[in-house]
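Q: Sequence plus the predicted model coming up.
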Amino acid sequence: MTYSHRNMIVEQQEACQKAQQIITRCEELSIKLDPIDWQQDGMQAVVKVNGIVIASLMDLSQRSSEDLLRQIQAKLFERAALNAVSARPGLKALVWSPVDVVQPQPFLSLWVITLETDERIPIIESMSNGQRVYDHYQFDREDGQQLTRLFGPASEGGYHLGDTVTIKVRERQYTGEIIYVIPPGKTITSRKSLSRGYHTVAGVAYTNDKTARYIVDCNDGFPHIVNQSQIVE
């Protein structure tokens, strides 16, 4: 909405109301916002979390609580990933991928953030002092116990540990080494995007593959988790 100068008071009243609504909704989501300067910028005021720009007050006020959370998560996951690799200015995330791990875990969720450089950075979302926090997950491919904690007991499949395979993920092919084999799991489902349209999220939806799944290290960060049907050679 565009406001004329004569309607500035009306805009400020609306901005004040919307800002308080956003603050309250974020508190319910365990997210603390930075102060919103609605007095100066009205509905165009920038909403931030720990100095990270999320969107304008106008944009966020039109979102459902679910969409609001996704928008904030996307920004905080991205910032945590960029910080983890000391990324150059201007670098962005391209893909947000949730990792299906066994429960319970000491964190709320584990995501792999793929940057424009194709680096795959694992980030966990946890609770600390009643607030959501986002940290780099220290993954060690040589730590079999860590793999078991994440994915359950090792299994056997048509391919074996140490095999070099080529996999297909989102129309791209990668070559790497199988470092773990896990039993068939529940169907992998696509999830809603965490952010604007040019960012995609998490996996393609596959049919219920009753063969083992494979963790394949392609030397691009966190390994890929694929069904046997995704191994092309």
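A: Nice, I can see it.
Q: Who are the contact partners of Lys75?
A: Lys75 makes contacts with Val49, Ile52, Val53, Ile54, Ser195, as judged by C-beta atoms under 8 Å, 6 or more residues apart in numbering. All C-beta atoms are positioned from the backbone trio N, CA, C, and that covers glycine.
Q: want to throw those residues into CSV with distance to Asp135, pLDDT and neighbour count?
A: Shown next, in CSV, are the contacts of Lys75 (distance: C-beta to C-beta, whole Å; pLDDT from 0 to 100; neighbours: other C-beta atoms under 10 Å):
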residue, distance to Asp135, pLDDT, neighbour count
Val49, 15, 98, 19
Ile52, 14, 97, 15
Val53, 20, 97, 12
Ile54, 19, 98, 23
Ser195, 20, 46, 19
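Q: Turn those residues into CSV, columns for distance to Glu11 and secondary structure.
A: Output for the contacts of Lys75, formatted as CSV (distance: C-beta to C-beta, whole Å; DSSP: H, G, I helix; E, B strand; the rest coil):
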residue, distance to Glu11, secondary structure
Val49, 24, strand
Ile52, 25, strand
Val53, 21, strand
Ile54, 20, strand
Ser195, 27, coil
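Q: out of the residues you listed, who's nearest Gly90?
A: Val53 (14.2 Å; C-beta to C-beta).
Q: That closest one and Gln17: what is the separation?
A: Plainly put, Val53 is 22 Å away from Gln17 if you go by C-beta to C-beta, to the nearest Å.
Q: Likewise for Leu68?
A: 16 Å.
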